[in-house]
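> What would the 3D arrangement of this be:
(one chain, ligands or ions: 1)
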Amino acid sequence: MALQNINPTKTDAWKELTDHFNEINEHTLKDFFKDQNRVSDFSITANSLELDYSKNRINQKTMDLLVKLANQVELKDAINKYFSGDVINDTEERAVLHTALRSTNEDEVLVDGKDVKPKIQTALRKVRAFSNKVISGKWKGYTGKSITDIVNIGIGGSDLGPDMVVEALQFYKNKLNSHFVSNIDGDHVSEILKNIDPETTLFVIVSKTFTTQETITNAEYIKNWFLKSASVFDVAKHFVAVSTNLEAVTSFGIEKSNIFPMWNWVGGRFSLWSSVGLSISLSLGFENFRELLDGAEEMDNHFKETSFEKNIPVVLALLSVWYNNFFNAETEAVLPYCQYLSKFPSYLQQAIMESNGKSVDRNGEKVTYQTGTIIWGSVGANMQHAFMQLVHQGTKMIPADFIGYKKSLYGLTDSHKKLMANYYAQIDALAFGKTKEEVHLELKTSGDLDKINKLLPYKVFEGNKPSNSLLFETLTPKSLGNLISLYEHKIFVQGVLWNIYSYDQFGVELGKELAKKILKN
Ligand code: G6Q
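I've put the predicted structure just below:
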């Protein structure tokens, strides 16, 4: 069954939220923090994750009304449909089953009356067996040497997820070198080919459709480069593919046994949990890949089973709607205090903006309210020395998610302490700012009395800027699985709240068609 079709702005909750916004807008975070229990009242712990959302411009009534909104758009019904394989990607007539990819429970998930779980298990076994062979050195290249380098050739959903995860979990990496070719830019491809040896490199072509111009052009070019030193009979030892399009893969010259499956019920941007994650499994070992899946499943269970008030993806989605639709915030920042997560903001940009960048509702009508948020961000503390000025003192309200870890991986405590001191300092500075009085005192103490009148207004920080703190114990495959899955569900909830279809991407396809036309002329 399809998702229900409910215009959120016509619900009672929306109307009440509109009135409530005027009340809240008069209060500051400083006022709210007079309540000693605020942090514990607005915190949730799930698995190894602690969410502190106390530094948001909300009170209990706000949360009650937002939860009421979730109920009035029938979020619970939508969640059930999402997990059980209903055709919720209505415009493409498909189920949306990235959650089934990591599920270890016994429940059947039916697509066209058939359980998809056995297919998933078979594919995972194939990924495991293949990864083990390559990592152990048993898989040989055409001159009998073991593989040293893997090149993932894919773009968008067939690149961003695996690339981000391999970068994020490099601490857990084995000796294989991983490379990612995505852009249709010969220079980018050449730079990678410069550093690899055809005798010891494995190419993983990832394309759900196997028609994507960038990927196929790069794959053809790389195959020709390979054939300069090897023969067509050697292709099978060096090229594998992940795709739904068996015919196109075979005619490219890849052996049937070297094809890893993909399915229409998994969207590209949610596919890293499938064979699309082959490069992850090769780079980190299958056990770590499985841990990543387990982490995602942990968050799936939390999302499925927890009441909305204590449900991390639901709360984050509701807060985001609160700022997007009531405060008219234009963007949201994602700020991981972890260098390993440097690719996480751009990964999320695709997941979030491709999913919820829609302006037609489930009635086929143009929406009259704001939908998809603009996501951007970068790692702390670096960004403090770059764009944070605008977040602190600019004219825009930019709600931010701070992501941090209690422990570092190599145990450099001094650096980690300083990193996390910055994490908390930024959150506090945004929330509480610096008053005129404080600035006055500071300038007076430093003996800058004559400059007080001139400098005071520039040194004031208004504060009252919202943020969330998402704190994990440490960065592991499991906690990363938690984090990615959390945002996947946040995306889903927002799509339900906005009454849009989150799982198509017609906006991406138009550009692809036009580029082909232009090339023909
Ligand atoms: C993701 C999008 C898009 C897609 C790429 C690659 O959800 O659909 O980013 O992943 O265009 O498509 P192929 O995997 O078909 O090459």
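> nearest spatial neighbour of whichever residue of the stretch 251-400 of the chain sits closest to the ligand, skipping sequence neighbours?
With CB to the nearest ligand atom as the measure, Gly268 is the residue of the stretch 251-400 of the chain nearest to the ligand, at 2.5 Å. Bear in mind the C-beta positions are built from the backbone N, C-alpha and C, glycine included. By the measure of CB to CB, 6 or more residues apart in numbering, the closest residue to Gly268 outside its immediate chain neighbours is Gly157, 2.4 Å from it.
> Write out the residues of the stretch 351-500 of the chain neighbouring the ligand.
When proximity is defined as CB under 6 Å from any ligand atom, the stretch 351-500 of the chain approaches the ligand at Glu354.
> Low-confidence regions, the stretch 351-500 of the chain specifically.
The model of the stretch 351-500 of the chain has no residue with pLDDT under 70.
> where do the strands sit along it?
Along the stretch 351-500 of the chain, counting by DSSP state E, counting those that start in this stretch, strands occupy 374-377, 400-405, 467-472.
> Generate JSON lines for these, with mean neighbour count as supplementary columns.
As requested, these are exported to JSON lines (neighbours: other CB atoms under 10 Å):
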{"stretch": "strand 374-377", "mean neighbour count": "20"}
{"stretch": "strand 400-405", "mean neighbour count": "23"}
{"stretch": "strand 467-472", "mean neighbour count": "22"}
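> right, and Gly380 touches Gln426 too?
Yes - counting by CB atoms under 8 Å, Gly380 does reach Gln426; the two are 6.8 Å apart.
> Please identify every residue contacting each of those two.
Common neighbours of Gly380 and Gln426 (criterion: CB atoms under 8 Å, 6 or more residues apart in numbering): 335, 402.
> Just to be sure, Ser229 is in a strand?
No - counting by DSSP: H, G, I helix; E, B strand; the rest coil, Ser229 is not part of a strand but coil.
> returning to what we had before: let me know which of the strands of the stretch 351-500 of the chain is the nearest to Met63.
Proximity to Met63 (CB to CB) singles out strand 467-472 among the strands of the stretch 351-500 of the chain, at 13.4 Å.
> From the chain's centre, how far out is that closest one? Work that out for me.
The chain centroid and the centroid of strand 467-472 are separated by 15 Å under CA atoms, centre = their mean, to the nearest Å.
> Give me the contacts around it.
In contact with strand 467-472 (CB under 8 Å, 6+ apart) are residues 48-53, 55-56, 316, 319, 399-406, 423, 426-427, 430-431, 479, 482-483, 486.
> ok, now with 6 Å
Residues outside strand 467-472 that contact it (CB atoms under 6 Å, 6 or more residues apart in numbering) are 48-53, 55, 400-405, 427, 430, 479.
> quick one: the residue positioned nearest the centre of the chain from Asp185, how far?
Centre of the chain computed as the mean C-alpha position; nearest residue by CA atoms, centre = their mean is Leu348, 3.5 Å away. Between Leu348 and Asp185 the computed distance is 23 Å (CB to CB, to the nearest Å).
> Leu17 now?
46 Å.
> And Asn177, how far from the ligand?
Distance of Asn177 to the ligand, given as CB to the nearest ligand atom, to the nearest Å: 23 Å.
> can I assume the residue nearest to Gly268 is in contact with Arg269?
Yes - using CB atoms under 6 Å, Gly157 is in contact with Arg269, at 4.2 Å.
> ok, now which ones touch the residue in the chain sticking out farthest from the centre?
The C-alpha centroid of the chain is most remote from Asp450, which lies 50.0 Å away (CA atoms, centre = their mean). Asp450 makes no contacts at all, as judged by CB under 6 Å, 6+ apart.
> let's see it at 10 Å
Leu443 (CB atoms under 10 Å, 6 or more residues apart in numbering).
> Likewise for Lys55?
Contacts of Lys55 by CB under 10 Å, 6+ apart are 29, 32-33, 38-39, 42, 399-400, 402, 427-428, 430-432, 463-469.
> same thing but at 7 Å, please
Neighbour list for Lys55: 29, 427, 431, 466-467 [criterion: CB atoms under 7 Å, 6 or more residues apart in numbering].
> Nearest residue to it in space, please, no chain neighbours.
Nearest to Lys55 is Ala431, by CB to CB, 6+ apart, at 4.3 Å.
> measure the one you found to Gln60 for me?
18 Å.
> More neighbours: which of these two?
Comparing Ala431 with Gln60 by neighbour count (other CB atoms under 10 Å), the higher total belongs to Ala431, at 21 against 12.
> so that one touches Leu29, yeah?
Yes - the pair Ala431 and Leu29 qualifies as a contact (CB atoms under 7 Å) at a distance of 4.6 Å.
> joint contacts of these two?
With CB under 7 Å, 6+ apart as the test, Ala431 and Leu29 both reach 55, 463.
> before we move on, back to that, dump the residue contacts of the residue nearest to Lys55.
So Ala431 contacts 29, 55, 463, 465, 467 (CB under 7 Å, 6+ apart).
> Excluding residues flanking it in the chain, which one is nearest the last one?
Right, Ser467. Ala400 (4.4 Å).
> for the third one, same thing?
Closest residue to Gly463 in three dimensions, ignoring its sequence neighbours and counting by CB to CB, 6+ apart: Gly433, at 2.4 Å.
> residues near the one you found, how many?
Gly433 has 19 nearby residues by other CB under 10 Å.
> Right, and the ligand sits closest to which residue of the stretch 1-150 of the chain?
For the stretch 1-150 of the chain, CB to the nearest ligand atom, closest residue to the ligand: Glu92, 10.2 Å.
> Provide the secondary structure category for the residue lying closest to that residue once chain neighbours are set aside.
Setting aside the residues directly before and after it, Glu92 is nearest to Asp504 in space (CB to CB, 6+ apart), at 5.1 Å. Under three-state DSSP, the three-state class of Asp504 is coil.
> Also Thr211?
Secondary structure, three-state DSSP: Thr211 is coil.
> Pull the residues that contact stretch 348-363.
Under CB under 7 Å, 6+ apart, the answer for stretch 348-363 is 3, 5, 7, 156, 160, 269, 334, 366-367, 371-375, 487-488, 491, 494-495, 498-503, 505, 507-508.
> number of nearby residues for the residue in the stretch 401-521 of the chain positioned nearest to the ligand?
The ligand sits closest to Gln505 of the stretch 401-521 of the chain, with a gap of 4.7 Å, by CB to the nearest ligand atom. Applying other CB under 10 Å, we find 19 residues neighbouring Gln505.
> cool, the one 3 residues further on as well?
Here the number of neighbours of Val508 (other CB under 10 Å) works out to 15.
> Show the pLDDT at Lys517.
Among the per-residue scores, Lys517 holds a pLDDT of 88.
> any idea how far it lies from Ser281?
Lys517 is 38 Å from Ser281, by CB to CB.
> between those two, which one's more packed in?
Neighbour tally, Lys517 and Ser281, criterion other CB under 10 Å: the higher count belongs to Ser281, 24 against 8.
> State whether the more buried one is indeed within a helix.
Yes - according to three-state DSSP, Ser281 belongs to a helix.
> From what I see, it and Arg290 are in contact.
No - taking CB under 7 Å as the definition, Ser281 is not a contact partner of Arg290, at 8.6 Å.
> neighbouring contacts of the helix or strand of the chain with the lowest mean pLDDT?
Least confident element among the helices and strands of the chain, by mean pLDDT, DSSP states H and E: helix 506-520 (a mean of 86). Around helix 506-520, the neighbours that count as contacts under CB under 7 Å, 6+ apart are 213, 354, 357.
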